[in-house]
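# quick one: sequence plus predicted model below, questions after.
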Amino acid sequence: MDKKIVEERISQLETLLEFQEQTISSLSDELFVQQAKLNEFDRTLKALVKSYRDNLPQTDLNDETPPHY
């Protein structure tokens, strides 16, 4: 192989590698942001479920009259 061809190929591979590293870094940053949002949604959902359960009326099923009476 010609030395010039090898150097061009190495240069192309280095360029491709740098592009891939930038892409991976960008995706990693975005994944971090998405995980933070997911954690916040999870905390919010848990708070809503707790609030819902805390505000449910406490009834004794044995004291209720069946709906057909």
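Received the coordinates, thanks.
# okay, now the unreliable bits of this protein?
Along the chain, the parts satisfying pLDDT under 70 run over 59-64, 66, 69.
# ok, how many other residues are close to residue 68?
Using other C-beta atoms under 10 Å, residue 68 is surrounded by 4 other residues. Backbone N, C-alpha and C define where each C-beta goes, glycine included.
# tell me the secondary structure at it.
coil (DSSP: H, G, I helix; E, B strand; the rest coil).
# and the gap between it and residue 57?
Distance, residue 68 to residue 57, using C-beta to C-beta, to the nearest Å: 22 Å.
# could you do residue 12 as well?
70 Å.
# residue 9 too?
Noted for residue 9: a distance of 74 Å to residue 57, by C-beta to C-beta.
# look at the two and report which has more neighbours.
Each of residue 9 and residue 57 has its neighbours counted (other C-beta under 10 Å); residue 9 has more, 11 against 4.
# backbone dihedrals for that one, please?
Dihedral angles of residue 9 (phi, psi; degrees, to the nearest 10) stand at phi -60, psi -40.
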